[in-house]
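> need the 3D shape of this:
(2 chains)
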Amino acid sequence: MAAGLATRIYPFMPGGAADGTKLISGAIVLSDLTDRPRFGLKGGGSAAWLAAQGGTVPAVNRIGDHRGMRVLRLGNEDILLLAESAAETLAQVKTAWQAAAAPKGYSSWREEGWAWIRLSGPCLAEAMSALCALDLRPQKFGADDIAQTRVGHIEAVTFRSPAGFDILFDITASAYFARAVAAIAGHTDQHRGHS
Amino acid sequence: MKLLTCPMNGPRNIDEFQSFGPVRARPDPDGTADREWSRHLFRAENRKGIVVEWWRHVPSNYFFLAERDLVSNEIIRTFDASQLRDRA
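Below you'll find the model as predicted:
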């Protein structure tokens, strides 16, 4: 590590608050993406600032695309950029935002405040129906839809990714959420074992 | 399960919401006597009829308004706060 540079320790990392919590794999796979780049903007001017960068701002609760990043519109003035494989582009966008004059919204610190978990695997649909009360079947919940609801009894934002479902929630609930998914996976295995 | 339709997120379990009480006019800080302030702060109306209330959808932190029948507990409609401002 270069002198003077702090490295973030995320919950599931060694030394993190959820260090040692099992991330299940098998019929349901839980992957931790919390260390992946993202940037949240909130407050007056957020949407107009992004639009001025040439980005198409999607409707509320829909996902758009801007220079290889996923743009989640969580409210009129609540936007989240996910840059799973576009870290450099996101860094450029953040630099431009920092240099811009107000009104431009404010940083909602989603890279620190939210965990980012991906669920996948052959029993994903059963797991999601146990974790979330909404109808998330493909005919009801498309690739560009966002649900702000409860998943595993905690407030969360969920949407589809090519691999399965991504879930964003309060980072302090990371260990709880991993355990909740593991419990659901256990029930699913048991159920399949008896059927 | 009782459902409430959020104007932004659609129908949800009412467990996802928090009530913030009826919409009330704010007293004029320059022309309100102590007695009226006291009433405004500490006493609630308890009448029958339809009331417009503030509600919050917790997962999205979205505040909106709902018209509710205080006798039947039926939620008549929900709407964005901008509609109240437009009407004022």
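> beta partners of the spatially most central residue of chain B?
Nearest to the geometric centre of chain B sits B:Glu53, at 1.3 Å (Cα atoms, centre = their mean). Here B:Glu53 shows beta-bridge partners B:Pro22, B:Ala66, assigned using DSSP bridges.
> so how far is chain A from it?
21 Å (Cβ to the nearest Cβ, to the nearest Å). Where you see a C-beta, it was placed from the backbone N, CA and C, and this is true even at glycine.
> these two touch, right, that residue and B:Phe64?
No: under the criterion of Cβ atoms under 8 Å, B:Glu53 is not in contact with B:Phe64, lying 9.8 Å apart.
> give me the pLDDT value at A:Arg6.
In this structure residue A:6 is Ala, not Arg. In this prediction, A:Ala6 carries a pLDDT score of 70.
> how many residues are close by it?
With neighbours defined by other Cβ atoms under 10 Å in any protein chain shown, the count for A:Ala6 comes to 6.
> and what of A:Thr7?
For A:Thr7, the neighbour count with other Cβ under 10 Å is 9.
> doesn't it lie inside a strand?
No: residue assignment for A:Thr7, taken from DSSP: H, G, I helix; E, B strand; the rest coil, gives coil, which places it outside any strand.
> who does A:Gly40 bridge with?
A:Gly40 has these beta-bridge partners by DSSP bridges: A:Leu80.
> state the distance from it to chain B.
Between A:Gly40 and chain B the distance, using Cβ to the nearest Cβ, works out to 13 Å.
> for that residue, give me its contacts.
Contacts for A:Gly40 (Cβ atoms under 8 Å, 6 or more residues apart in numbering or on different chains) come out as A:78-81, A:107-111, A:114.
> which of these fall in strands?
For the contacts of A:Gly40, the ones inside strands are A:78-81, A:107, A:114, with DSSP state E as the criterion.
> I'd like these as a markdown table, with pLDDT and neighbour count appended.
Below are the ones in strands among the contacts of A:Gly40 laid out as a markdown table (pLDDT from 0 to 100; neighbours: other Cβ atoms under 10 Å in any protein chain shown):
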| residue | pLDDT | neighbour count |
| --- | --- | --- |
| A:Asp78 | 97 | 22 |
| A:Ile79 | 97 | 26 |
| A:Leu80 | 98 | 23 |
| A:Leu81 | 97 | 24 |
| A:Ser107 | 97 | 17 |
| A:Trp114 | 97 | 22 |
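> near chain B, which residues of chain A?
Residues of chain A lying close to chain B by Cβ under 8 Å from any Cβ of the partner chain are A:60-61, A:74-75, A:133-134, A:147-150, A:155-157.
> make it 6 Å
For chain A, the residues in contact with chain B (Cβ under 6 Å from any Cβ of the partner chain) are A:133, A:148-149, A:155.
> keep only those of those residues that are in strands.
Taking DSSP E as the definition of strands, the residues of chain A next to chain B contribute A:148-149, A:155.
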